[in-house]
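Peer 1: My questions concern the predicted model and sequence given below.
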Amino acid sequence: MTGNPYTSFDPTSLMQGWMKTATENWQETAKSWLESSQGKAATEFPGADLLGRMFRESGAGGGLFPGENLAPQVGLKMAEIWWKGISSLQQAYMKQAVGQSFGPEGFPFAGIDPGAFKAWTDLYEREASNQFRMPPMGITREHQERTNRVMEAFTRVQSAMTQFLYLTSLPMEKSLRGMREELSTIVKGEMPAEEFKALYRKWVGILEEKYMALLKSKEYIEVMNKAIDAFGAFKSARTQWMEEYLKMMAVPTQREMDDVYRDLYNLKKEVKELRKALEKR
Amino acid sequence: MTEPKHRLDQFLKEIGREAQELQARAQRVMNLMEKPLETEIGSTPYEVVYQEDRIRLKHYKADGERKIKTPLLIVYALINRETMLDLQPGRSVVRSLLDAGVDLYMIDWGYPTRKDRFLTIEDHVCGYMDNVVEFIRRRSGSGQVNLMGVCMGGTFSVMYASLFPEKIRNLITTVSPTNFDTDKGLLHLWVRGLNVDRLVDACGNIPGDMMNFGFLLLNPARLMIDKYVGFLDNADKKEFVENFYRMEKWIFDSPDVPGETFREFLKDLYQKNLLIKNELVLGGKRVDLKKITMPVLNIYGRFDHLVPPEAAGGLHEHVGSKDAEDFCMETGHIGIFVSGKAQKELVPKIAGFLAKRDAAGKAAARKGPGPGTTKRKPRSTQKPKKKSGGKTR
C-alpha cells in the first residue's frame, strides 16, 4: 500500500460487496417464499398464479411491477451516498489529525481550521438535508413536514453544539499539554521542584490566558452565535411538533397561552392608560 | 545521576506532605459541615410597602436619624437579584447606607413568568419605575426622590431621569452601561452578531440558567475551576465557607429575563447603541440625555469585565447637568459592592454626594410634588350623593 495508510484506504468497495451479497440473499428468500405459497394462493386468490409469474419474470422487463430489484437498488444508492460521505469525512479527519501541529506555541486560535466539522456540514448540506426537505404527500403530510423540520433542526444543533464544545475544550487540552512538558523537566532535574500550589497557579494562569485568546477570536464568536441560532431553531421546531400532540390531549399549547398573555398584557396596558386619563381630568 | 534522583525524591516528598495536609483539612471540613452554617442573605429588615404584578417595593427600617431627608430609591438590574447589596453582615451596602442616615427604598423585580414575556423596557421604566417613584413621593411627602441604579438598573435609571427629570433630585449610576459601542468586554463582542429575534421567539423569557452559563463562560478558568479550588483550600474556615455559600446563593439565583425587554436591550442598546446617541424612544418620547439636568454621580470599576470603563465611563459628557461626576474605583463588577475595601469607599462617596446636595434641595421639597404629578382627590372634596324625595335606588 502506497501513501498514508490512514488517508488512502477507500472503504467504498467493501460496502458495495456487502450490499451486493445482501441484495442477492433477499432476492432468493423472496423467490422461495413466493414459490412455496403459490400453490396455496392459486386456490384461494384467483389470479395469484398470474401475479406470481409476473413478479418472477419482471427481471425480463415485463409485468406490473418495475422489478424486484428496485427496492434494493434504491437502498443501495442511498447507502452508497452515505458511505461515500462518511468515508470522505473520515479521510478529512485523518488528514487533519496527522497534519496537526502540537508545537509549544500552542493552537493558533486566530486561524482555526474547521476541519472535520466543515466536512460534516458540507456532507449534510449536500446529501442529508435534501432528504429532510423532500415535500411529503398524503393525509399525514403536515405531521411528516413538522417531523422533518425537527429532525433537520436536531441535526444542525447537534453539529453546532459539538463544534462549540470542541472549541471550548481546546484551551484545557493545550494548557494540560504545556504542563506535562513542565512536569517532565522537573522530573529530569532541569528545573527546581516546585510546590503543587505554585504549579497549579501556573496552570490556571496559562489556562486563563488561552481562554481569553479564544473567547475574543472571530471564529469562536461565529461558532457560538451559530450554536445559539441552531438551538433557537431546534427549540421552535420541537415546540411546533409537540403542539400537535398537546392538541390531541386537549392541553393548551404554548402558542395559545402566549396569545392569552398578549391579550392580557394589552388589556392591562389599556386599563392603566384609561385610569391615568381619568385621574388627569 | 544522584542530583536528579534527589530532586525527584524531593518532589515526591512534597506530594506526600501535601496529601497529609489534605487529609487533616478534610477532617476539619467534615467537622465544620456537621454544624449549622449562617448563610442567609438579604437579612436587613424591611417592609414591603408597594406591590404591582411581580414587583415589590422594599422600605428599609432605619435605626438612627435620617440625615438625608430625600428618600433614595435603588433600582437593581433584571439579571440576578438585588440581595447582592445586602449579602452579608459587615459587607452590606444597604446597612451602610442606613447607617449613613439614608431613607432607603429598593425595587425587587421578582421572578418573571411566561405571562411577563411581552413586557418591554418602556413597561419597566415608564410603568413600574414611575409608579414606584410616584408612590414614594406621596408617601414621603417629598417632591423628588434620589435615584440610584445598579448595572442594567442604572441604564433604566438614566432613561427615567431623562424622561421625568422633574421627579429626580440626584442621579447615581453604578457599573451601568450607557455606551455599548466598544470592543472592550466580551459581552459587547459576543452580542454584536447574535440573532436575538430567533432566541427570544424560541424561548419567550430568557432562562436564568442560560444567562448564568453565559456569564460563567466569560472566564471559565477562574469561575468554574479556580473558585472551587480556592474554596477547598479554605473549606475549614467557618467565616470563609459561610461567605462563599452566600455568594453562591446569590450568583446562581437568576430570574428569567422578560423576552421583549431582552430583545430591546440587546438590539436597541448593545447592537444599535441608541441610548448614548439620544435616539432611543420610550412611550413615544425620545430619551434625550441632555434633559438630565440634576446632579449626576457615575461610579464604575476599572477592572469590570462585564461593563468595562469604556461602556460605563464618560456619562458626564453626555448629560445636560453641570454637576456631573465620573468616579472610577479600583475594583471589578461585583467587587465594587462586596469587597471590604470598596465598602469603605463606595457608600461614603454616595452618602457624601447626597448629603451635600440634599441641603440645597430642601427648598424644592417644601414646595411639594412637582409638575406632572398625578393628584388624587381627597375624599372630603368628593361630591355628596344627591337625595331624591324619599325614594332611593
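Peer 2: Looks like it came in fine.
Peer 1: which ones are touching the closest residue to residue A:229 other than its chain neighbours?
Peer 2: Closest residue to residue A:229 apart from its sequence neighbours, by CB to CB, 6 or more residues apart in numbering or on different chains: residue B:195 at 4.9 Å. For glycine as for every other residue, the C-beta is placed from the backbone atoms N, C-alpha and C. By CB atoms under 8 Å, 6 or more residues apart in numbering or on different chains, the residues touching residue B:195 are A:225, A:228-229, A:232.
Peer 1: neighbour-wise, which of those leads?
Peer 2: Ranked by neighbour count (other CB atoms under 10 Å in any protein chain shown), the contacts of residue B:195 have residue A:228 at the top, with 23 neighbours.
Peer 1: quick one: buried residues of the host helix or strand of that residue?
Peer 2: Per DSSP states H and E: residue A:228 is located in helix A:218-248. Residues A:220-221, A:223-241, A:243 are the ones in helix A:218-248 that count as buried (16 or more other CB atoms under 10 Å in any protein chain shown).
Peer 1: What is that helix packed up against?
Peer 2: Helix A:218-248 is packed against helix A:141-188, helix A:254-280, helix B:186-192, helix B:196-203, with contacts defined by 3 or more CB pairs under 8 Å, 6 or more residues apart in numbering or on different chains; DSSP states H and E.
Peer 1: what pLDDT, on average, does the shortest one get?
Peer 2: In this model, helix B:186-192 has a mean pLDDT of 94.
Peer 1: and that helix, does that touch chain A?
Peer 2: Yes - counting by CB under 8 Å from any CB of the partner chain, chain A is contacted by helix B:186-192 at B:186, B:189-190, B:192.
Peer 1: Please point out which parts of that helix sit buried.
Peer 2: Residues of helix B:186-192 classed as buried under the neighbour-count rule (16+ other CB under 10 Å) are B:186-191.
Peer 1: what do you get for stretch A:254-263?
Peer 2: In terms of neighbour count (16+ other CB under 10 Å), stretch A:254-263 has its buried residues at A:258, A:261.
Peer 1: So what touches that stretch?
Peer 2: By CB under 8 Å, 6+ apart, the list of residues contacting stretch A:254-263 from outside reads A:239, A:243, B:114-115, B:117-118, B:204.
Peer 1: which one of those residues is nearest residue A:159?
Peer 2: Proximity of the contacts of stretch A:254-263 to residue A:159 (CB to CB) peaks at residue A:239, which lies at 20.6 Å.
Peer 1: contacting residues for the closest one?
Peer 2: Residue A:239 sits next to A:254-255, B:202 when contact means CB under 8 Å, 6+ apart.
Peer 1: which of the contacts of residue B:195 lies closest to chain B?
Peer 2: residue A:232 (3.9 Å; CB to the nearest CB).
Peer 1: can I get the residues of helix B:186-192 next to chain A in a markdown table with distance to residue B:135?
Peer 2: As requested, the residues of helix B:186-192 next to chain A are exported to a markdown table (distance: CB to CB, whole Å):
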| residue | distance to residue B:135 |
| --- | --- |
| B:186 | 38 |
| B:189 | 40 |
| B:190 | 38 |
| B:192 | 39 |
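Peer 1: what's the most distant pair in those?
Peer 2: Largest pairwise distance in the residues of helix B:186-192 next to chain A, by CB to CB, is 10.8 Å, between B:186 and B:192.
Peer 1: mind checking which helix or strand of the chain has the lowest mean pLDDT?
Peer 2: This is for chain A. helix A:5-8 (a mean of 46; mean pLDDT, DSSP states H and E).
Peer 1: Could you do chain B as well?
Peer 2: Per-SSE averages on chain B (mean pLDDT, DSSP H and E): minimum helix B:2-33, a mean of 75.
Peer 1: between the helices and strands packed on helix A:218-248, which one is nearest to residue B:230?
Peer 2: Of the helices and strands packed on helix A:218-248, nearest to residue B:230 by CB to CB is helix A:141-188, at 18.2 Å.
Peer 1: just checking, what packs against whichever helix or strand comes after the closest one?
Peer 2: Once the chain leaves helix A:141-188, the next helix or strand it forms, by DSSP H and E, is helix A:196-216. Judged by 3+ CB pairs under 8 Å, 6+ apart, helix A:196-216 is in contact with helix A:141-188, helix B:2-33, helix B:186-192.
Peer 1: hmm, try it at 10 Å
Peer 2: Counting by 3 or more CB pairs under 10 Å, 6 or more residues apart in numbering or on different chains; DSSP states H and E, the packing neighbours recorded for helix A:196-216 are helix A:141-188, helix A:218-248, helix B:2-33, helix B:186-192, helix B:220, helix B:227-233.
Peer 1: can you give me how far the fifth one is from the chain middle?
Peer 2: Read it as helix B:220. Offset of helix B:220 from its chain centre (CA atoms, centre = their mean, to the nearest Å): 23 Å.
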